[in-house]
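>>> got a sequence here, can you model it:
(one chain, ligands or ions: 1)
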Amino acid sequence: MTFTVAIDGPAAAGKGTISKAVAAHFGFAHLDTGLLYRAVGAKVLAGGAPADMALALDPVDLEDDSLRTPAVAQAASEVAVIPAVRSLLVDFQRKFAARAEGAVLDGRDIGTVICPDAQVKMFVTASAECRADRRYKELTGKGMDVTPEGVLADVKERDDRDRNRATAPLLPADDAVLLDTSDLTIEAAIARAVAIVETAKNAVG
Ligand code: DC
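I've put the predicted structure just below:
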């Protein structure tokens, strides 16, 4: 039987770090599904048509460091509104979720649309200010020329678009455990997430 952990939440809430740590702890495979939309967004910025780019997506496209820029993040959020783009990416995500060793997928619609039967669903949040502050430190740490106000505006714009789109909007699944990381250290957030997964694993047997 497969074991799938679905971790959703808004930009920079900590879900990437938590997902990686949970996957490493349990020996599960990890897929950052935001990279799929970022890779499509990057190809659209380079002149491609969104659905064609989603259809032609290759897993090696996900390994590009330039996918982490704010411009690509915005482009990802824009292509993510297009239903044809979303549906072209479903199969790849579901196949990944069925990996024999277990899988952690993080994104916006994993618990609601991609893996509604996941054994564990978490919704990781934090205040917009807190998330923008973390993202600002991450981007300046990589030498990017950004301002705190610009990063906060980007985070809010992306949140708004991701939450209000018609297809697969960002929202917690009814049975998701909420994890607010605003006042948690990353270690504490990871410890909570690991404990949530441990409990679910024990229940499955
Ligand atoms: O997680 P991220 O910041 O890398 O995601 C970039 C964008 O991709 C995000 O603003 C919305 C979109 N996305 C999505 O619509 N569904 C997902 N499962 C993951 C990301």
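>>> so for stretch 169-185, first residue to last residue, what's the gap.
For stretch 169-185, the separation between the terminal residues is 28 Å (CA to CA, to the nearest Å).
>>> ignore what I typed, I meant stretch 123-133.
First residue to last in stretch 123-133 (CA to CA) measures 20 Å.
>>> what about it, near the ligand?
No: figure legend: stretch 123-133 not in contact with the ligand (CB under 6 Å from any ligand atom); closest approach 10.3 Å. Yep, even glycine has a C-beta here, placed from its N, CA and C like the rest.
>>> isn't residue 157 up against residue 74?
Yes: counting by CB atoms under 8 Å, residue 74 is a contact partner of residue 157 at 7.3 Å.
>>> which parts of this structure sit against the ligand?
So far as CB under 6 Å from any ligand atom goes, the chain lies against the ligand at 11, 33-34, 37-38, 73, 76-77, 80, 107-110, 158, 162.
>>> report the backbone C-alpha coordinates of the lengthiest helix in the chain in PDB.
In the chain, taking DSSP state H as the definition, the longest helix is helix 186-204. Output of helix 186-204 as PDB, limited to C-alpha atoms (Å, rounded to 0.1, in the frame of the first residue of the first chain):
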ATOM      1  CA  ILE A 186      11.700  25.700  11.800                       C
ATOM      2  CA  GLU A 187      12.900  22.900  14.000                       C
ATOM      3  CA  ALA A 188       9.600  23.100  16.000                       C
ATOM      4  CA  ALA A 189       7.500  23.100  12.900                       C
ATOM      5  CA  ILE A 190       9.300  20.100  11.500                       C
ATOM      6  CA  ALA A 191       8.900  18.200  14.800                       C
ATOM      7  CA  ARG A 192       5.100  18.900  14.700                       C
ATOM      8  CA  ALA A 193       4.900  17.700  11.100                       C
ATOM      9  CA  VAL A 194       6.900  14.600  11.800                       C
ATOM     10  CA  ALA A 195       4.700  13.800  14.800                       C
ATOM     11  CA  ILE A 196       1.500  14.200  12.700                       C
ATOM     12  CA  VAL A 197       2.900  11.800  10.100                       C
ATOM     13  CA  GLU A 198       4.100   9.300  12.800                       C
ATOM     14  CA  THR A 199       0.600   9.200  14.300                       C
ATOM     15  CA  ALA A 200      -1.000   8.600  10.900                       C
ATOM     16  CA  LYS A 201       1.500   5.900  10.000                       C
ATOM     17  CA  ASN A 202       0.900   4.100  13.300                       C
ATOM     18  CA  ALA A 203      -2.900   4.200  12.700                       C
ATOM     19  CA  VAL A 204      -2.400   2.700   9.200                       C
END
